[in-house]
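Peer 1: Give me a model of this one.
(chains A and B)
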2 protein chains.
Amino acid sequence: MPQRQEASLIRALATALALVVASGAAADEGLWTFENFPADAVRAAHGFAPDQTWLDRVRAATLSLGGCTASIVSARGLVMTNHHCVEACVAALASPDQDVLVTPVLARTEADEKTCPGQEAYVVTDISDVTARIRAVQAGLAAVQAAAARSAEIDRIVAECERGDAYRWCEVAGLYSGGVETLYGYRLWDDVRLVLAPESAAGSFGGDPDNFSFPRFAYDVAFLRLYENGEPAATPQHLKVRPTPLSEGEMLFVSGFPGETGRADTLMHMTMYTDTYYPMSMSLGAELRGRLIAAMANGAKPRGFDALLAGTENNFKREWTEMASLRSPGFLEAMAAREAQFKADLAARPDVAAKVSDAWSEIDTAMLAARRIFNMRYLSEYAGAGATLAFQARQIVRAAGERKLPEEDRLPGYSDAAIADLRSEFEHEAPVYAERDELLLGFWLAKLREYLSADHPMVRAALGRESPEGVAARAISQTGLVDAAERVRLLDGGADAVAASTDPLIRLMAAIEFAARDVAARYHEEVIVPREAAERRLNEARFEIYGKAIYPDAFSTLRLNPGVVAGWTEPDGRVVPSFTRFSGLLERATDAAPFKLAPLWEAAKDRLDPDTILNVSTDNDTVGGNSGSPVLDRDGNVVAAMFDGNIYSNGGYYLFDPKLNRSVVVAATAILEGLAKVYDMDRVVSELTAE
Amino acid sequence: MPQRQEASLIRALATALALVVASGAAADEGLWTFENFPADAVRAAHGFAPDQTWLDRVRAATLSLGGCTASIVSARGLVMTNHHCVEACVAALASPDQDVLVTPVLARTEADEKTCPGQEAYVVTDISDVTARIRAVQAGLAAVQAAAARSAEIDRIVAECERGDAYRWCEVAGLYSGGVETLYGYRLWDDVRLVLAPESAAGSFGGDPDNFSFPRFAYDVAFLRLYENGEPAATPQHLKVRPTPLSEGEMLFVSGFPGETGRADTLMHMTMYTDTYYPMSMSLGAELRGRLIAAMANGAKPRGFDALLAGTENNFKREWTEMASLRSPGFLEAMAAREAQFKADLAARPDVAAKVSDAWSEIDTAMLAARRIFNMRYLSEYAGAGATLAFQARQIVRAAGERKLPEEDRLPGYSDAAIADLRSEFEHEAPVYAERDELLLGFWLAKLREYLSADHPMVRAALGRESPEGVAARAISQTGLVDAAERVRLLDGGADAVAASTDPLIRLMAAIEFAARDVAARYHEEVIVPREAAERRLNEARFEIYGKAIYPDAFSTLRLNPGVVAGWTEPDGRVVPSFTRFSGLLERATDAAPFKLAPLWEAAKDRLDPDTILNVSTDNDTVGGNSGSPVLDRDGNVVAAMFDGNIYSNGGYYLFDPKLNRSVVVAATAILEGLAKVYDMDRVVSELTAE
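Peer 2: Below you'll find the model as predicted:
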């Protein structure tokens, strides 16, 4: 009997979900732009909505770190973000004997604040709608010419916008698949220094087992500072940090730069991915993870292995939980209902439907092509499986070939401009992790043979009479690509330099390029081009029908989302409360990583107020890229830093489920308590709480 | 355009497949019993069908080795099977310094033939239908009583059949889910000696990359001998080996003991597995594989790692290719069409349909329950992830608990009889691979925490304040279960002995049994019992409607399948020819394993006739368990040994696709050539070719 009831519950859930998503935005779903924030709807739902002053202030203090978000939290350029957003900086600045697992970075004075190599930060200063200006130059042109005209006009708009100011940059983002052309102007900082980073044992407390989970007990916060001319930047537009605790059900906003969503993806697009990409990526990731764990089993720590393992585990768990969402009863049905609703709305608008034509069947055809060649393309383009040197060799070889073609016939990523960007990257001396690259290259070659077969011409050309591991050991130990000048020389030298090179990595990639280029081109022509063209028509139609009543899919532009402090109820009936506290951290601690308290926390544990709220579950709609986002109260004060989501949040790539999808944030109360009582960083506390 | 054509081709394919399978058996599909071989249909299709003499002769010479098949090929008990079927025997008999990769086992005289420890072999001597006898005792009884009556009657039938002869055993197999109760009488041999096993470099040439592939170049054959009273067994019923080559399209038969198929599984049953079992099993398998590869990367070979890696890779590839079949366009549609056809046929027989009632929705409900608790149950029952000692501890703890319950309330596998069998197993001194068991136990505990979360009561009880690896190292190094007497003492001692034990493995398993037992029981009650009951009703209905016009799903009883020598055409249009030859082996060889020729083959390569057929693709319908099966011509002579299938063959668990599903066999021509020219084993050649 309970089973029967559950079956109908699931059908009811599917229907409810479908209604939510078909209506565009309900509950606290929505990656809204600041320039089109649905204040009326939010006020209706929550009894409050921000006014323009509020929006301007929050916008001006929401920083992008490129891949992560942060907030300006003092008048002297202090920046708050996540610990996991500064790990690369910590690693780059660490001395060889420093154990980042148990040693925090604590700049006791401003003089101790060191610049994070390569780190930039930028904030949106102005937003304008340039749709009319772009449409004007496109008027009357056919598709190809219209795209070129758009591109040229955008170059002019950006040049005018940047005004030659090296600390300003601009971009035109085609929101709603180009339905609204929006110009974002940014203020840029290129001297960003590290103020405080907790030890990993605190910042990533719980490690992979707790990743994407809640209840959670991570002190995933860090502080940076913006500098100008060697001095802390003056940042009067900063946000204030609220020292008082959050309350159950309290309204919250997350401001940030969410990376990517596919909520407008068609079912066929999504099922192609679930049937091809996910199984391959997860199988490769799982095996690579196993190799790394075993390679480090006896305490060995070859350089780069730790970070690679963390990234591999994070990716695996994200994909596992995305798949779990997709497989959960009701989820696919809800996606199908959303698509059906759109089709019905489209049918009611024959003028719009005519322009869409048979976009769906074009996508179906492209996805069928994708299924046929997915494995070959994925493995071939996965060159080196992340081995930096191997991938650079692929880029040198490919650039040499592509440059001989007119730009319009080249593979994506190999325009003259893109090759120039590649050259700039190559000029930097990057750390080389030979042991890691050898493992990754050998792994890639083994997988290439496993999935394409030993008979495949690409495999025969790559391996000859050697083993995958043998080729990798020889190529990595003998390559000259560790030298930036040599990389640049080969890139500049083009086809002649590649042909003349005896570098074993160059020879390896050159030997298989005949087949690799072919499969990349086929996938581009048979899958990506037709799919994107069809999806663009669908998105244009969606915008014509729904207009700005819906939000555009995320792609790293600034967004704002309203929500509330909220736990959730698991499908099995278990209730997950909204808050964790320091008392829970102490209960959860064991004698073994990743649940072992760091020494400073162990020493401070009797001083911490056990009732202080540590992590919080909220129903904000966030995705990767939002990490480090300021979590704001109605007054626009910072009450937390967003750092993760629960396992259901990963399904949010496709569909936001208001019943289950939760953000996980670290509360300002805990941040302040830790700064004062664990790290003795009163100077940061004073700065954060200054009037 | 080609894409559109392909889309309709796929629909056509799905329809064609569906017709094939709905009609029960067409093309060369069918795991037929010897007692119900469809001679008329086979004669219609092939112009030939075996008569009763043929069937009797082949049956009497088709051996089961338990998990593999073999054939009797001389009058002195010589047996032919696969190399991969004797690897365990080779490992057990090998001296510590023997490298089985490059050293074959060659018994130069009968005196050199050593007994494979624990190896038995048996052949079907008589088959009878005991349906009427069993139905008679069930008449008028309710379901539970009828099952008990069946069980008791089977015990009587088996006892009468075995006549107290230690070299005879009997079983009643409920074919067609019990629609036909068949009594099989077997002749048993328990002294089976190793005559010849190739080096792994030849027997498994191509290793994992070539596994489930074709073209193929493996000498996957081995020879054993049956002994009675210390002398070679007299086996006048033996088959003859044909020394002349196979020809394209030639008709073939495969006789053997296929292990398991799920061709009557409902779609819901199958999709539950594809959504739960496969992702979990493949992810765990991939990571374990990575751990093993990395652990052996520097030439280290901890005991048991090699075989564990080979098994893990084989399993992963089998599941990967099964999933690839299931995801291929048309496959699911064909399964759905088969189910729809059955439903239509059922609807036309209201008398039968009434007995089925709502079996499908009962399965749906059970599968929904399975989805909810699958991960927890799988991980919990996967105790030790294959660590022998850990699993023995689980069995001891569980048996202690179950024995306190009436038999009908116990978990499957813990009846008094099953516990007695367990005790016999425990009495054997088995090799203990501590390093392997430590790795596996640590792996299992880490996965338990990863998927159930650090908060799960089972995880907390298992780990306490330790890491998974810490618990594993401590428990494996300190356990007393390596001692057979101690295992038996604890099993016999029951709950008191378990409670008193300080053995860390026993304590570990006892600590989590409260939760593990619960989830096992829930899965049994909510999933297995209702699903099996509903499937039984469906299978009974299927038998009532189709009768013996269809074949029963495989479950390790003797079967015969007709087919032909046939390559296939890949979905991308590439044609795969039927034969490989020694010339291809020499071309494929490289300087690195698993494609490196073994020394004896390297030395013999100029003597081998390059045109000799080595491996052959046939359209026989075979599954795991058929390995080693004799492949027979119309005259009933052995022309090859079946050893594998192509990648599409793994989808054959659910559905036989006559266009793509192929068996891979090693030809008698190559077997004889290798025996003579590589191994200089003329004594075996003479025996095989004796008139």
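Peer 1: Against residue A:500, how distant is the residue nearest to residue A:275 when sequence neighbours are not counted?
Peer 2: Spatially, and ignoring its direct neighbours in sequence, residue A:275 is nearest to residue B:327 (4.5 Å; Cβ to Cβ, 6 or more residues apart in numbering or on different chains). All C-beta atoms are positioned from the backbone trio N, CA, C, and that covers glycine. Distance of residue B:327 to residue A:500, computed by Cβ to Cβ, to the nearest Å: 45 Å.
Peer 1: related to what we said a few turns ago, next up, the contacts around the residue nearest to residue A:275.
Peer 2: For residue B:327, the contact set (Cβ atoms under 8 Å, 6 or more residues apart in numbering or on different chains) comprises A:275, A:276, A:371.
Peer 1: Kindly state the pLDDT recorded for it?
Peer 2: Residue B:327 carries a pLDDT value of 87.
Peer 1: where does residue A:614 fall, helix, sheet strand or coil?
Peer 2: strand (DSSP: H, G, I helix; E, B strand; the rest coil).
Peer 1: ok, the nearest residue to it once chain neighbours are set aside - contacts?
Peer 2: Of all residues not flanking residue A:614 in the chain, residue A:670 sits nearest, at 4.4 Å (Cβ to Cβ, 6+ apart). Residues in contact with residue A:670 (Cβ under 8 Å, 6+ apart) are A:219, A:582, A:612, A:613, A:614, A:615.
Peer 1: Taking the stretch 151-300 of chain A, what residue is nearest to chain B?
Peer 2: Going by Cβ to the nearest Cβ, chain B is nearest to residue A:290 of the stretch 151-300 of chain A, at 2.5 Å.
Peer 1: in which helix or strand would I find the nearest residue to that residue once chain neighbours are set aside?
Peer 2: Of all residues not flanking residue A:290 in the chain, residue B:290 sits nearest, at 2.5 Å (Cβ to Cβ, 6+ apart). Here residue B:290, judged by DSSP states H and E, is contained in helix B:278-295.
Peer 1: Residue A:664 too?
Peer 2: Judged by DSSP H and E, residue A:664 forms part of strand A:663-667.
Peer 1: What are the contacting residues of the helix or strand encompassing residue A:417?
Peer 2: Take DSSP H and E as the rule and residue A:417 turns out to sit in helix A:416-427. Residues from elsewhere that reach helix A:416-427, judged by Cβ under 8 Å, 6+ apart: A:392, A:395, A:399, A:402, A:403, A:407, A:484, A:487, A:488, A:491, A:492.
Peer 1: Double-check that residue A:224 belongs to a helix.
Peer 2: No: Residue A:224 is assigned strand when assessed by three-state DSSP, not a helix.
Peer 1: Is it in contact with residue A:192, as I believe?
Peer 2: Yes: the criterion here is Cβ atoms under 8 Å, and residue A:224 meets it with residue A:192 at 5.2 Å.
Peer 1: More neighbours: which of the two?
Peer 2: Legend: neighbour count by other Cβ atoms under 10 Å in any protein chain shown for residue A:224 and residue A:192, higher for residue A:224 (30 against 25).
Peer 1: which residues does the closest residue to that one other than its chain neighbours contact?
Peer 2: Spatially, and ignoring its direct neighbours in sequence, residue A:224 is nearest to residue A:79 (4.2 Å; Cβ to Cβ, 6+ apart). Contact partners of residue A:79, counting by Cβ under 8 Å, 6+ apart, are A:63, A:70, A:71, A:72, A:73, A:121, A:192, A:223, A:224, A:225, A:226.
Peer 1: coming back round to it: mind checking which of the contacts of residue B:327 are buried?
Peer 2: A:275, A:276, A:371 (16 or more other Cβ atoms under 10 Å in any protein chain shown).
Peer 1: Student question: in chain A, what's the helix or strand with minimum average pLDDT?
Peer 2: When the helices and strands of chain A are scored by mean pLDDT, DSSP states H and E, helix A:2-22 comes last with a mean of 38.
Peer 1: Quick check: next helix or strand after that one?
Peer 2: helix A:39-46.
Peer 1: name the helices or strands packed onto that next one?
Peer 2: Helices and strands touching helix A:39-46, by 3 or more Cβ pairs under 8 Å, 6 or more residues apart in numbering or on different chains; DSSP states H and E, are strand A:559-564.
Peer 1: just how off-centre is the strand it packs on within its chain?
Peer 2: Centre-to-centre, strand A:559-564 and its host chain are 18 Å apart (Cα atoms, centre = their mean, to the nearest Å).
Peer 1: Let's see that strand as PDB, backbone CA atoms only.
Peer 2: What follows is strand A:559-564 as a C-alpha-only set of coordinates in PDB (Å, rounded to 0.1, in the frame of the first residue of the first chain):
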ATOM      1  CA  ARG A 559      22.600  37.400 -11.800                       C
ATOM      2  CA  LEU A 560      20.500  37.800  -8.700                       C
ATOM      3  CA  ASN A 561      18.300  35.200  -7.100                       C
ATOM      4  CA  PRO A 562      15.800  35.500  -4.200                       C
ATOM      5  CA  GLY A 563      15.200  32.700  -1.700                       C
ATOM      6  CA  VAL A 564      14.800  31.800   1.900                       C
END
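Peer 1: In its sheet, which strands sit next to whichever helix or strand comes after it, and in what direction?
Peer 2: The helix or strand immediately downstream of strand A:559-564 is strand A:568-569, counting by DSSP H and E. Note on strand A:568-569: by DSSP bridges, its sheet partners are strand A:575-576 (antiparallel).
Peer 1: Who does the helix or strand following the strand it pairs with pair with, and is each partner parallel or antiparallel?
Peer 2: Counting by DSSP H and E, the element after strand A:575-576 in chain order, helix or strand, is strand A:579-581. Applying DSSP bridges, strand A:579-581 is found paired with strand A:613-618 (antiparallel).
Peer 1: buried set for the partner strand?
Peer 2: A:613, A:614, A:615, A:616, A:617, A:618.
Peer 1: List the contacts of residue A:318.
Peer 2: A:212, A:624, A:650.
Peer 1: what about it, which helix or strand?
Peer 2: helix A:305-327.
Peer 1: likewise residue A:80?
Peer 2: Using DSSP H and E, residue A:80 falls in strand A:78-81.
Peer 1: pLDDT of the very next helix or strand once past that strand, averaged?
Peer 2: As assigned by DSSP H and E, the chain's next helix or strand after strand A:78-81 is helix A:87-93. Averaged across helix A:87-93, the pLDDT comes to 93.
Peer 1: residues of helix A:87-93 that come out buried?
Peer 2: So, applying 16+ other Cβ under 10 Å, buried residues of helix A:87-93: A:87, A:89, A:90, A:93.
Peer 1: Next: stretch A:34-43.
Peer 2: A:34, A:35, A:36, A:37, A:38, A:39, A:41, A:42.
Peer 1: Pipe these into JSON lines and attach pLDDT per row.
Peer 2: Converted to JSON lines, the buried residues of stretch A:34-43 look like this (pLDDT from 0 to 100):
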{"residue": "A:34", "pLDDT": "97"}
{"residue": "A:35", "pLDDT": "95"}
{"residue": "A:36", "pLDDT": "95"}
{"residue": "A:37", "pLDDT": "96"}
{"residue": "A:38", "pLDDT": "95"}
{"residue": "A:39", "pLDDT": "95"}
{"residue": "A:41", "pLDDT": "93"}
{"residue": "A:42", "pLDDT": "95"}
